[in-house]
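Colleague: need a 3D model of the sequence below.
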Amino acid sequence: MERIESQVDRSADEFQQNASEMLLLVERLHDSLRMATEEGPQEQIAKHKARGKLLARERIQLLLDPDSPFLELLPLAGWEQKGMTLGGSLVAGIGLVEGVECLIHANVPTVKGGALNQISVQKSARLNEIARENKLPVIYLNESAGADLPQQSLVFNYGGAIFRDITQRSKEGIPSVTLVFGNSTAGGAYVPGMSDYVVMVDRHARTYLAGPPLVKMATNEDVDDETLGGASMHAHTSGLCDYLAHDEKDALRIARAIVGQFRKVPGIYGQLKPSPQVEAPLYDPSDLLGIVPVDVRKPYDIRELIARLVDGSRFFAFKPLYGETLVTGWGKIHGFPVGILANNGVLFSEAANKGTQFIQLCCKQNVPLVYLQNITGFMVGSQAEREGIIKNGAKLINAVSNSELPALTFIVGSSYGAGNYGMCGRAYNPRFLFTWPNSKLAVMGPDQLVGVLSLLAKQKEGEKGRSETKLLDLDQLKNRIEAESDAFFGTSRLWDDAIIDPRETRNVAGFCLAIIERHRPQTNEARFGVFRM
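Modeller: Numbering: from 1, shown residues only. Predicted coordinates:
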């Protein structure tokens, strides 16, 4: 494969300005992530530790292998949403336990007792989807008061899917291990009830459908916590508890022993490592801060990004002289072969056709796809329509929809209109989707949207022949659209799996590809819908 020769001038004023502006966004990201790690008010944390209990992130750290990376998922879910907790009162991500890739799902008991709100339910649903698609065992570090009762109308109806998904994964041979550290009430009790393995901490774990006050109201029975649902009772009498742990560290040790047994299933579980001869890119990934403008309206050469993503900066371009606004080709990321589709401008018919053919070729080779989104959409106008932009764009979306190849999507700039669809946006089920802090996601850019509505409003005034109808408050509307297309607005609503530092793109992609590779079929018999010719 040929190497991409970078043309970046690090001393250029534009590079320096881009780097300065991008660093401000990266600092905003890290500040927000620090807030997400705080795990509640200090007084609640002090009380929790006084009981001899570990925090959620401390539990995760002790569970993971000492040298394991941890890809945290959806850390800013609920960010600045009224009535929601940052992260949904959950810490979740993927790491190695006894050499086995596991998805870890930990309640944060120091925030409202680990009660689940609407964001918690939505986050859990996405985590279940990731676990099932990638056949990842799930380890629940459980300590939850169940549903946040004031939000019951937002939680109850869809919350039951959390328990359904546990049983369906079990049916498919994807195990769940639940460690109960404290109170696990009502909905919190169903997680161990549905799991394959249950570990409970003696004298601390309590699991019941209804606590003593509700039992008293329902049956007039007076009963204490331990008798009703203590770990010892469940270990000796009900049988809900498979392993009774002396303390939290003992519970984490038992969990590691359970997961260690999964490695004995041939060809299914165990760490898959890429070739040790992996070449690093020729260029420093920190260059990305200066290459990519914060202002998504400013163009740049997406090949410069690819040069800092692929091994050895080697990239075998497909149709490099045709449909040049979509860069397509093959490379490796941390030793894993990939097909890359990357925007270098608006999508014309030629680019759409090229992307469609490229996806078909990748299906024949069974190569995972990586989409790098910086797209304003498909080309519009009379010439574009005569050239068949609708049917050609539909071909690309058809190929994206039906390829069945595992895909990673990174939104590294704008993601507007049907361009989001043609480049495997959230609605098209990529295995993982990450955004950069400068990214924008909307039907169209704020200026274009306001301009369209302004024209429509003026047209409506003219048709009425009077000027009584007030035109839209364009400045107010533009500000709202800009806020709603912001990366932090989107990650708060789970439109991505996380915002990442641009410099971490290669490592995040490599980690995800390692997870995908474990269960990637050796052949891919892709079937597509009708391609309109």
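
Colleague: all helices of the stretch 101-250 of the chain, in order?
Modeller: 118-133, 152-159, 161-171, 187-194, 212-219, 225-229, 231-233, 248-262 (DSSP state H, counting those that start in this stretch).

Colleague: now the fifth one: buried residues?
Modeller: Spelled out, it's helix 212-219. Neighbour-count burial for helix 212-219, counted by 16 or more other Cβ atoms under 10 Å, picks out 212, 215. Where C-beta positions appear, they are placed from N, C-alpha and C, glycine not excepted.

Colleague: and if you look at the last one?
Modeller: Within helix 248-262, the residues scored as buried using 16+ other Cβ under 10 Å are 248, 251-256, 258-259, 262.

Colleague: report the beta-bridge partner residues of the nearest residue to Phe315 once chain neighbours are set aside.
Modeller: The spatial neighbour of Phe315 that comes closest, neighbours along the chain excluded (Cβ to Cβ, 6 or more residues apart in numbering), is Gly331 at 4.7 Å. Beta-bridge partners for Gly331, by DSSP bridges, are Val338.

Colleague: got the contact list for the longest helix along the chain?
Modeller: Assignment by DSSP state H gives helix 13-36 as the longest helix of the chain. Helix 13-36 is contacted by residues 8-9, 75-76, 79, 86-87, 289-294, 437-438, 488, 499, 501-502 when judged by Cβ atoms under 8 Å, 6 or more residues apart in numbering.

Colleague: about what we covered before: lowest pLDDT pick from the buried residues of helix 248-262?
Modeller: Among these, Phe262 carries the weakest pLDDT, at 88.

Colleague: that one is in contact with Val97, isn't it?
Modeller: No - contact criterion Cβ atoms under 8 Å: Phe262 and Val97 do not qualify, at 9.0 Å.

Colleague: in whichever strand or helix holds Ser401, what counts as buried?
Modeller: Here Ser401 sits within helix 389-402, counting by DSSP states H and E. Across helix 389-402, burial judged by 16+ other Cβ under 10 Å covers 389, 392-401.

Colleague: and it, average pLDDT?
Modeller: For helix 389-402, mean pLDDT rounds to 95.

Colleague: just list what that helix packs against, helices and strands only.
Modeller: helix 349-365, helix 417-422 (3 or more Cβ pairs under 8 Å, 6 or more residues apart in numbering; DSSP states H and E).

Colleague: so what secondary structure elements neighbour the next helix or strand after the first one?
Modeller: On the C-terminal side of helix 349-365, the closest following helix or strand by DSSP H and E is strand 369-375. Counting by 3+ Cβ pairs under 8 Å, 6+ apart, the packing neighbours recorded for strand 369-375 are helix 302-307, strand 336-343, strand 407-416, helix 417-422.

Colleague: ok, which of those comes nearest Gly230?
Modeller: strand 407-416 (44.9 Å; Cβ to Cβ).

Colleague: quick check: mean pLDDT of the closest one?
Modeller: Rounded mean pLDDT across strand 407-416 is 97.

Colleague: let me know the angle separating that strand from strand 336-343.
Modeller: Interaxial angle, strand 407-416 versus strand 336-343 (axes from the mean of the first three to the mean of the last three Cα atoms, to 10 degrees): 10 degrees.

Colleague: mind listing what strand 407-416 pairs with, with the direction of each?
Modeller: strand 369-375 (parallel), strand 432-435 (parallel), strand 440-442 (parallel).

Colleague: output the ones you listed as TSV; include the columns mean pLDDT, distance to Leu341 and mean neighbour count.
Modeller: Shown next, in TSV, are the strands paired with strand 407-416 (pLDDT from 0 to 100; distance: least, Cβ to Cβ, whole Å; neighbours: other Cβ atoms under 10 Å):
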stretch	mean pLDDT	distance to Leu341	mean neighbour count
strand 369-375	97	5	26
strand 432-435	98	14	24
strand 440-442	94	18	22
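
Colleague: now those strands in TSV, with distance to Arg169?
Modeller: Converted to TSV, the strands paired with strand 407-416 look like this (distance: least, Cβ to Cβ, whole Å):
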stretch	distance to Arg169
strand 369-375	25
strand 432-435	18
strand 440-442	30
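
Colleague: minimum distance to Gln448: which of these has it?
Modeller: Of the strands paired with strand 407-416, nearest to Gln448 by Cβ to Cβ is strand 440-442, at 9.4 Å.

Colleague: and the helix or strand that that closest one is followed by, how far from the chain's centre?
Modeller: Downstream of strand 440-442, the next assigned helix or strand under DSSP H and E is helix 446-464. Offset of helix 446-464 from its chain centre (Cα atoms, centre = their mean, to the nearest Å): 37 Å.

Colleague: quick one: buried residues of helix 446-464?
Modeller: Of the residues in helix 446-464, 446, 448-450, 453 count as buried by neighbour count, 16+ other Cβ under 10 Å.

Colleague: check which helices and strands the next helix or strand after it sits against.
Modeller: Per DSSP H and E, the first helix or strand lying C-terminal to helix 446-464 is helix 474-484. Contact here means 3+ Cβ pairs under 8 Å, 6+ apart; on that basis helix 474-484 packs against helix 446-464.

Colleague: so where's this protein uncertain?
Modeller: 149, 264-276, 461-472, 521 (pLDDT under 70).

Colleague: Gln7 and Ile291 touch, don't they?
Modeller: No - applying Cβ under 8 Å, one finds Gln7 not in contact with Ile291, separated by 10.1 Å.

Colleague: mutual contacts of those two, please.
Modeller: Counting by Cβ under 8 Å, 6+ apart, the shared contacts of Gln7 and Ile291 are Glu304.

Colleague: more neighbours, the two?
Modeller: Ile291 (23 against 9; other Cβ atoms under 10 Å).

Colleague: show me the contacts for Glu504.
Modeller: Contacts for Glu504 (Cβ under 8 Å, 6+ apart) come out as Pro285.

Colleague: on the three-state scheme, it is what?
Modeller: Per DSSP: H, G, I helix; E, B strand; the rest coil, the secondary structure class of Glu504 is helix.

Colleague: just to revisit the earlier point, between the buried residues of helix 389-402, which is nearest Lys458?
Modeller: Ile389 (27.1 Å).

Colleague: quick one: contacts for the residue nearest in space to the middle of the chain?
Modeller: With distances taken as Cα atoms, centre = their mean, the residue of the chain nearest its centroid is Asp497 (1.5 Å). Residues in contact with Asp497, defined by Cβ under 8 Å, 6+ apart, are 73-74, 126, 130, 432-434.
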